[in-house]
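>>> Output the structure for:
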Amino acid sequence: QLQLVESGGGLVQPGGSLRLSCAASGATLDYYAIGWFRQAPGKEREGVSCISSSGGSTNYADSVKGRFAISRDNARAYLQVNSLKPEDTAVYYCAARHNTYGDCYDPIYPYDYDYWGQGTQVTVSS
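A predicted model of the protein is given here:
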C-alpha cells in the first residue's frame, strides 16, 4: 500500500521560497501521477500542480504559474515554491493516482487522487 509523507513546510516571509517534499513508502512512484494540493482555513482543497507518471507532463493552477515548480523521481516528488505571498498560506498535501485510472490532467481535482499524505503547513507572513 502506497503511503505518502510531506515535509519542508514552515514559516516564511513574503517573497521567500520553500521546497516541499513528498516521500513514498510501500511502493515506488513509477506508475503514479502526483498532485500537490493546498487547503486554507475555511476554504476548499484546491489543486496546485501535478506531474504525470512519466514526468513528461505538468500542470499548474493559474494562481501559481511562474512561481511554483513540480518535479519527481521514482521515490519522491517535490514542489519548489517561490515568490510566496500571504495568500499561499495553507496546508499543502501531496497525492497520487495510479496511471491505470488516469494521469496528470487540467484541472487538477482532488477526487481524482487516491493516496494522500498528512500535509505540511506553509505560512507566509512578515
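
>>> what sits against residue 101?
112, 114 (Cβ atoms under 8 Å, 6 or more residues apart in numbering). (Glycine included, C-beta is placed from N, CA and C.)

>>> Residue 5 versus that one, what's the distance?
To residue 5, residue 101 is 22 Å away according to Cβ to Cβ, to the nearest Å.

>>> repeat for residue 103
Taking Cβ to Cβ, one finds residue 103 at 23 Å from residue 5.

>>> Between these two, which is the more surrounded one?
Counted by other Cβ atoms under 10 Å, residue 103 and residue 5 do not tie: residue 103 has more neighbours, with 18 against 15.

>>> Could you report the separation of that one from residue 96?
11 Å.

>>> what about residue 30, neighbour count?
When neighbours are counted by other Cβ under 10 Å, residue 30 comes out with 13.

>>> Then residue 72?
21.

>>> which residues touch it?
Applying Cβ under 8 Å, 6+ apart to residue 72 gives the contacts 29, 34, 51, 55, 78.

>>> how about the residues you listed in a markdown table, adding distance to residue 64?
Formatted as a markdown table, these follow (distance: Cβ to Cβ, whole Å):
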| residue | distance to residue 64 |
| --- | --- |
| 29 | 21 |
| 34 | 15 |
| 51 | 14 |
| 55 | 19 |
| 78 | 14 |
